[in-house]
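> the following comprises the amino acid sequence and a computationally predicted model.
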Amino acid sequence: MKSIALGQYYPAQSILHRTDPRMKIILTVLYIVCSFLSKNILSFGLLLLSSLLLVAAGRIPLKIVLRGLRPVLIVLAFTAILNIFWTKGDHLLFGWQFVQIYAEGLYAAVFMMIRITTLIIGTSMLLTYTTTPIALTDALEDLLSPLKKLHVPVHEFAMMMTIALRFIPLLVEETDKIMTAQKARGVDFSTGSLMDRAKALIPVLIPLFVSAFNRAGDLATAMECRCYHGGEGRTRMHVLKLRGADFIPFILVVALGGALVALNLAGIGYTMK
Amino acid sequence: MRQEPFIKAEQLSYRYEEEEGGSPVLHDLSLEIQEGEFVAVLGHNGSGKSTLAKLLNMILIPTRGKLFVAGKDLTDENMTEEELLALRKNIGMVFQNPDNQLVATIVEDDVAFGPENLGVAPEEIRERVNRVLGEVGMLEYAKHEPHRLSGGQKQRIAIAGILAMLPNCIVFDESTAMLDPVGRREVMDAILRLNREKHITIVMITHYMEEAALADRIIVLDEGHVILDGTPSYVFEQEALLKSCGLNIPQCTELIHRLREAGISLPGDCVSPEQCAEMILQSLNLSK
Amino acid sequence: MSEIQLENLSYFHGKDTPYQIQALKNIHLTIPGGKITGLIGHTGSGKSTLVQMLNGLLRPDEGRVLLNGEDIWEKPKNIRSVRFRVGLVMQYPEYQLFEETVAKDIAFGPKNMGLGEEEIRDRVAEAARFAGLESELLEKSPFDLSGGQKRRAAIAGIIAMRPEILVLDEPAAGLDPRGRESIFENIVQYHRESNSTVVIVSHSMEDMARYCDHLVVMNEGEVLMQGDPNTVFSCADRLEEIGLDIPQITKTMLLLKSRGVETEGSIYTVEQALDAMLKLLKN
């Protein structure tokens, strides 16, 4: 239970780890755009290559990155099947009654799988693996700060994020403890009908809520005692500063976008619409 | 000339609103605490000691009476936001549950929380954070996540977070109650060091007699007012009174009392095993 | 009078992961029937893990847990019945309270046992009395009780299952001296009246010395010592070495010993010390 991977930050020394978190958020957006720019086998090839380069730049073992893809395997399989059977085209490869498989379908399936895979590898390499949740929150607060003028409570949202990040592991641990205590009173979480199992959760959820509320009350008092009075007049220990080096990955990703568009024009094989 | 006391309560009363008919938690409580003193506040649960702590930090407002901290009247209704923050900065609080007072996911970020709220410049926050983490012996844990630390370590981080605001006084509200003996010793060592070396005024609310014995002075609360106030050895003399309000005296003090009752002359004060052993040794040497 | 035997018991946290830690190492232990056994050790000594072995919340990786000679994991499907026979009050058990009223909450365990309504009512009343809960509190919401009362309600919830063995992990943690004393006195009285086996886990050597007939000292996942308080406290210096908080009195005696004043036997209460000192001083 305790090994729940939250944020999955992977500590290492790398260019990506050092890059300003605000820049990484912008890069992530750009990278997502890039993955949608790809249209044909050449540009998808380059896209895949770029995601592998990201993994290398972040110095994260490929094994760990691939393990992170495990939860989306079903989605990948599903999109593949959908594309194989439903894409119509000109080159029929196999036809039997209503089942018709076109070459375009196979292409589309492979392209979509590459797109989803690179999307996930890209965002996790740029954000979750190389940026601590707290840096991410700070960066978001900073990037969204212009919205403060429109009375959007940006600081409050960021504070809520920080507190949530702090308390999630605690609540996970607490759930574990409460479940053990109720098991000692004869609750059975693992057998019985779905209804029985749902019912067995009541003795866990109620104490969990009560405790979460108590903690929230205690924390509010403690924060007040530490002079918390909203975002106004507040300074930060970590000041985010863009360095010249932060622009290098920016230029690279923009160049990647340009290359993808250029490769799309080459027009080899199947081109996605 | 006598110095103005750092904390001064005059006939302080407090009653929780929902218990309008019930008796007040604090009534007519008067006390003075001098700057640099280490005072333990003892009392069983419900004696009003935690309410006193909340009044000191202006989480609650007295129903009646006056409360002064550093010469400022806490009951002043016209207090500005700046004055309130200045008071809260001056008198820090460490609570019972170590998990419910840490805000950030990284130790050093948590310690920075207070000074950040006060608008301290970033370079100075960094300098303070490193210094106070060193003072509580947690510098090597600066980049750790609080939820992986032991109870005693978490409590020391909480102390560092308060110290980073440069307070004159720290109130400990049963801060050792949820810790194991090792954690308790760690926190007590830190408290003693702050008082002895940095001359920070300490108000320590506790129900562990062994901890109270380390203070300069003990104030015993019962039913919302002060029933005993004096040095540990003076307070522990009043065994019957303490027992009547649900408190025990340390075992070694009790042993000395019993021996004296049996007619053995044992001069001196005894609040620790070391003193107890010393007194018995002296008496043995005399009788030889 | 039921007893538990642990045979060659080992347990690993995070088994088969890189973070594997051996929490219990070849434990051989008998929890004697009809006695109050105290389990002592500092945080991380394995005592809380051990306690969860006794009622089958954790399954040993090696070795057996015998309840009256029978292996509790003989038929893993029946493990739930073991949890009714060996009642476990966890540390800070207040968080297990969830029902609308205290009475309903105490009845939760017995209800899971499938008992009849009348039987349950009797047990709730009896358990509340043993735990020292006034009967007028039974119809209140458990969330309106004071800290000490919540603790008692949670303990009553386990006692109501009428376990043959009652195990309490730090039953007095965080309570004031008066609360501590009265909880321990309730436990002792429950033990006398129900004639059941009791296991108490605590950090406080003073409490253990006062209330237990048999002590087990754990250190780094192993049983370091066991025996009656006299035997265990005669090795007080060893206890102090492994970082346990020995009673102040015992500490005083150790200090005297280091200065050449020997006392006979082991001393861990004020009364024992008084006798010993009077003997010394009057000679």
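Everything's here; your move.

> pLDDT score for B:L74?
B:L74 carries a pLDDT value of 88.

> B:E278 now?
On the pLDDT scale, B:E278 gets 90.

> and it, what does it touch?
Each residue near B:E278 by Cβ atoms under 8 Å, 6 or more residues apart in numbering or on different chains is listed here: B:G268. Bear in mind the C-beta positions are built from the backbone N, C-alpha and C, glycine included.

> is it fair to say it lies in a strand?
No. Counting by DSSP: H, G, I helix; E, B strand; the rest coil, B:E278 is not part of a strand but helix.

> and it, how far is that from B:M138?
Per Cβ to Cβ, to the nearest Å, B:E278 is found 35 Å from B:M138.

> go on, A:A255?
Counting by Cβ to Cβ, the gap from A:A255 to B:M138 is 46 Å.

> the more surrounded of these two?
Between A:A255 and B:M138, counting by other Cβ atoms under 10 Å in any protein chain shown, B:M138 is the more crowded of the two (23 against 10).

> just want the phi and psi numbers for the more buried one.
phi -120, psi 20 (degrees, to the nearest 10).

> ok, it touching B:A160?
Yes. Using Cβ atoms under 8 Å, B:M138 is in contact with B:A160, at 6.3 Å.

> what secondary structure does A:L82 sit in?
helix.

> give me every residue that touches residue 204.
Since you didn't name a chain, this refers to chain A. So A:V204 contacts A:175, A:178-179, A:182 (Cβ under 8 Å, 6+ apart).

> wait, I meant chain B there
B:38-41, B:171-172, B:175, B:191, B:211-212, B:215.

> burial count for the nearest residue to A:A181 once chain neighbours are set aside?
Residue nearest to A:A181 in three dimensions, not counting chain neighbours: C:Q96, with 4.0 Å by Cβ to Cβ, 6 or more residues apart in numbering or on different chains. For C:Q96, the count of nearby residues is 28 (other Cβ under 10 Å).

> surely C:Q96 touches A:V210?
No. Between C:Q96 and A:V210 there is no contact under Cβ under 8 Å: 10.8 Å.

> give me the neighbour count for the closest residue to B:Y14 other than its chain neighbours.
Computed as Cβ to Cβ, 6+ apart, the closest residue to B:Y14 that is not its neighbour in sequence is B:L26, at 4.4 Å. Using other Cβ under 10 Å, B:L26 has 26 other residues around it.

> ranking the contacts of A:V204 by neighbours, who comes first?
A:Q182 leads the contacts of A:V204 on contacts (other Cβ under 10 Å) with 24 neighbours.

> can you tell me the helix or strand for that residue?
helix A:154-183 (DSSP states H and E).

> and the next element down the chain from the longest helix along chain C?
In chain C, taking DSSP state H as the definition, the longest helix is helix C:177-194. The C-terminal neighbour of helix C:177-194 among helices and strands, as given by DSSP H and E, is strand C:197-202.

> next, the angle from that following strand to helix C:177-194.
160 degrees (axes from the mean of the first three to the mean of the last three Cα atoms, to 10 degrees).

> tell me where the model's unsure across the stretch 51-200 of chain A.
Across the stretch 51-200 of chain A, nothing is flagged by pLDDT under 70.

> which stretches in it count as helices?
A:62-69, A:73-86, A:103-123, A:133-144, A:154-183, A:194-200 (DSSP state H, counting those that start in this stretch).

> from the rest of the structure, what touches the fourth one?
Outside helix A:133-144, the residues within contact range by Cβ under 8 Å, 6+ apart are A:6-7, A:9, A:20-22, A:24-26, A:127, A:131, A:152, A:154-155, A:157-158, A:161-162, A:165, A:236, A:238, A:240, B:104-106, B:109.

> switch the cut-off to 10 Å
A:6-9, A:17, A:20-26, A:127-128, A:131-132, A:148, A:152, A:154-162, A:164-166, A:168, A:231, A:236, A:238-240, B:104-106, B:109 (Cβ atoms under 10 Å, 6 or more residues apart in numbering or on different chains).

> okay, how far is it across stretch B:233-250, tip to tip?
Using Cα to Cα, to the nearest Å, the end-to-end distance of stretch B:233-250 comes out at 11 Å.

> could you do stretch C:140-149 as well?
Stretch C:140-149: ends 11 Å apart by Cα to Cα.

> and that stretch, how far out from the chain middle?
Relative to the chain's own centre, stretch C:140-149 is displaced by 23 Å; criterion: Cα atoms, centre = their mean, to the nearest Å.

> equivalent analysis for stretch B:230-238, please.
17 Å.

> how about stretch A:170-189?
The answer for stretch A:170-189 is 30 Å, by Cα atoms, centre = their mean.

> quick check: mean pLDDT across stretch B:187-205?
Stretch B:187-205 comes out at a mean pLDDT of 95.

> right, I mislabeled it, should have said stretch B:117-135
Rounded mean pLDDT across stretch B:117-135 is 95.

> in it, which residues are buried?
B:117-118, B:120, B:125-126, B:128-129, B:132-133, B:135 (16 or more other Cβ atoms under 10 Å in any protein chain shown).
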